[in-house]
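Asks: give me a 3D structure for the following:
(one chain, ligands or ions: 1)
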Amino acid sequence: MAGGIAARERPGARPPIYGFGEKRNAPDLPGGVAVQIPKNLCPLLFRKPIAAVGPTDSSAPLPPPLRGTNSGAFTRRTIAARWPRIAGRVIADNDFPDPINARIQALRDALPDGSIRRLRDDEAPDAALWGEYVAPHLGKTWLEVPWFFGETYFYRRLLEATGYFRAGAGRQADPFTDQKEQGLAHTEARIEALAQRRSRAREEGDETRSVLTRLLRSALWGNQADLSMWTADEEGPGHRHSEQAEEHLLVDDTPAALAQLEGRDRPARVDVWADNAGFELVSDLALVDGLLAAEAVGQVTVHLKAHPTFVSDATVDDVHATLATLADADEAAVRALVGRLRRALAAGRLRLRDGWVWTSPLRARELPAPVRAEMARADLLISKGDANYRRLLGDRQWAFTTPFAEASAPLPVPVLALRTHKSEVAAGLSAAQVDRLDDEEPDWAVNGEWGVMQFAPADASPEAMRPSPAA
Ligand SMILES: O=P(O)(O)OC[C@@]1(O)O[C@H](CO)[C@@H](O)[C@@H]1O
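Replies: Next comes the predicted model:
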């Protein structure tokens, strides 16, 4: 599924990104795109990282970030075992020429004790951005750097190795295509059931809060389909029945989130930080369909990744490829869902946005002002998945009983985080829940069997409109 120039001519062709610059088609350049960094943004982007001065208010300093050296076994296992396995799978799943495979193998060999180095990808549109991100970590080992930086950097190094942004066999070739396509193929029955429920709700004119509540739940548990954790042919987490799913929902703030969409004098705008392609993306698109059917919602903007990352994270091309696949489904309800979504795209009620910021190591407290200004235009932000949750919480070692609204970054938009637990970052849980889970299921924090739907209100302070020096 090459995301080449031609792919951008598809219906709903890739809109310009925001955040760090406007991406434009540039066939003459490797990767086919160029990004102009707006002048007003340069000082912000290229200011030297300032020493952390502590939070702007008098609150206690933020907890330290997770690292491979000083956090739970999962972070170290991810760096030392999971990432090398993921890189090995890229070699096995693709038919890259030897020089590319040699570069991928060199990356594998550097894990976990190798040092962080500058990217060797000068033609890439995001090269200057990564020059800034990497600078504070040069020479440190993969285990020593903050885990969130290390993980986003690992996947960016993988694209350096495959030559995603340069002329040659790897140009604009998604190295995870096989996994993504297999991930979707094994979920046909679940996709049909989801689409049929959508058709029944529309026929019954039932676009009420209960429908949205059910769609939010299916979007949450859709996050269990995570190809960086369980490959398409492995048995991932799942619940035997809806009662077990309810038992495994540790926090449900749905009512507070849906209340943001009611009683308004104009239709609401809902933004979604998307996560994985495959079944999770289909569950997110079904949620979008439900939101747009609700009179209270006028527009949904889905924020996607600018390039392949975290194995299954979705790009704009993945959305179009998924719609194209489902358009050929045997089940009429699936085809009807695709038709509604494509009409919403054409009408501008559904917008797809991608941005370098969502493949960057920036945590939510570090998000630049233009990204915040864009988020402030939404009435509710739905954040999907574990990595976005980690971005919200700065991937820091919060006490799991810290109130979610305190641990999550102050943002100018109400946030509903739908996340299955797949890393050792958490907040908003009760001490009783943590004690019980530690006793009964020691790997509960990372096995994907437990989830939360957590809400934080918009932060109306000026701090929410600019990055925090203490991020
Ligand atoms: O964001 P997602 O797809 O829900 O999960 C991302 C993930 O697979 O990658 C990290 C570990 O490698 C964790 O954040 C999580 O396990």
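Asks: correct me, but R118 touches L138?
Replies: Yes - shown here, R118 and L138 form a contact pair, counting by C-beta atoms under 8 Å, at 7.0 Å. C-beta here means a position set from N, CA and C on the backbone, and glycine is covered the same way.
Asks: tell me where the stretch 51-200 of the chain has helices.
Replies: Chain-ordered helices for the stretch 51-200 of the chain, with DSSP state H, counting those that start in this stretch as the definition, fall at 73-77, 83-93, 98-110, 127-134, 147-162, 177-185, 188-203.
Asks: related to what we said a few turns ago, which neighbours do R118 and L138 share?
Replies: Common neighbours of R118 and L138 (criterion: C-beta atoms under 8 Å, 6 or more residues apart in numbering): none identified.
Asks: so which residues on the stretch 151-300 of the chain come close to the ligand?
Replies: Applying the criterion C-beta under 6 Å from any ligand atom, the portion of the stretch 151-300 of the chain that neighbours the ligand consists of 151, 223, 226, 228-229, 275-276.
Asks: among those, show me the least confident.
Replies: The member of those with the lowest pLDDT is D226, and it reads 74.
Asks: tell me who's in contact with that one.
Replies: Counting by C-beta under 8 Å, 6+ apart, D226 makes contact with 236, 276, 280, 312, 385-386, 420, 422, 448.
Asks: so of the residues you listed, which ones are in strands?
Replies: Among the contacts of D226, the members falling in strands are T420 (criterion: DSSP state E).
Asks: give me the element L418 is part of.
Replies: strand 415-420 (DSSP states H and E).
Asks: so what strands line up beside that strand?
Replies: Take DSSP bridges as the rule and strand 415-420 pairs in its sheet with strand 380-384 (parallel), strand 451-456 (antiparallel).
Asks: tell me what whichever helix or strand comes after that strand is packed against?
Replies: Toward the C-terminus, strand 415-420 is succeeded by helix 431-440 as the next helix or strand (DSSP H and E). In terms of contacts (3 or more C-beta pairs under 8 Å, 6 or more residues apart in numbering; DSSP states H and E), helix 431-440 is not packed against any helix or strand.
Asks: closest to the centroid, which residue in the protein?
Replies: With distances taken as C-alpha atoms, centre = their mean, the residue of the chain nearest its centroid is D275 (3.6 Å).
Asks: contact partners for that residue?
Replies: Neighbour list for D275: 223, 284, 313-314, 384-388 [criterion: C-beta under 8 Å, 6+ apart].
Asks: go on, L392?
Replies: Under the criterion of C-beta under 8 Å, 6+ apart, the neighbours of L392 are 364, 383, 408-409, 415, 417.
Asks: turn these into JSON lines, columns for pLDDT and distance to A185.
Replies: Supplementary listing: the contacts of L392 in JSON lines, determined by pLDDT from 0 to 100; distance: C-beta to C-beta, whole Å:
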{"residue": "A364", "pLDDT": "98", "distance to A185": "34"}
{"residue": "S383", "pLDDT": "98", "distance to A185": "27"}
{"residue": "S408", "pLDDT": "98", "distance to A185": "35"}
{"residue": "A409", "pLDDT": "97", "distance to A185": "37"}
{"residue": "V415", "pLDDT": "98", "distance to A185": "33"}
{"residue": "A417", "pLDDT": "98", "distance to A185": "29"}
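Asks: want to throw those residues into TSV with distance to the ligand and neighbour count?
Replies: Putting those into TSV (distance: C-beta to the nearest ligand atom, whole Å; neighbours: other C-beta atoms under 10 Å) gives the following:
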residue	distance to the ligand	neighbour count
A364	14	26
S383	10	25
S408	16	26
A409	16	23
V415	16	29
A417	11	28
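Asks: which of these lies closest to A296?
Replies: V415 (18.0 Å; C-beta to C-beta).
Asks: thinking that closest one is in contact with A456, fair?
Replies: Yes - taking C-beta under 8 Å as the contact criterion, V415 and A456 are neighbours in contact, 4.8 Å apart.
Asks: name the residues contacting each of those two.
Replies: With contacts defined as C-beta under 8 Å, 6+ apart, the residues shared by V415 and A456 are S408.
Asks: where exactly do the strands run in the stretch 201-350 of the chain?
Replies: Listed from the start of the chain, the stretch 201-350 of the chain has strands (DSSP state E, counting those that start in this stretch) covering 249-252, 268-273, 297-305, 350-355.
Asks: how about the residue lying farthest from the centre of the chain, phi and psi?
Replies: Here the chain reaches farthest from its C-alpha mean at E204, the gap being 33.2 Å by C-alpha atoms, centre = their mean. Note on E204: backbone dihedrals following degrees, to the nearest 10 are phi -90, psi 0.
Asks: check the stretch 1-150 of the chain for the residue nearest the ligand and tell me.
Replies: T78 (4.6 Å; C-beta to the nearest ligand atom).
Asks: I'd guessed A327 sits against R335; true?
Replies: Yes - with contact taken as C-beta under 8 Å, A327 and R335 are classed as touching, separated by 6.1 Å.
Asks: ok, the residue farthest from the centre of the chain to the ligand distance?
Replies: E204 sits 32 Å away from the ligand, going by C-beta to the nearest ligand atom, to the nearest Å.
Asks: again with V413
Replies: The span separating V413 from the ligand equals 20 Å under the rule C-beta to the nearest ligand atom.
Asks: next up, phi/psi of A296, please.
Replies: Per degrees, to the nearest 10, the residue geometry at A296, taken as phi and psi, is phi -70, psi -20.
Asks: list the contacts of the residue lying closest to it once chain neighbours are set aside.
Replies: With sequence-adjacent residues excluded and distances taken as C-beta to C-beta, 6 or more residues apart in numbering, A296 is closest to L261, at 4.5 Å. With contact taken as C-beta under 8 Å, 6+ apart, L261 is in contact with 268, 270, 294, 296-297, 379-380.
Asks: all good on my end, thank you.
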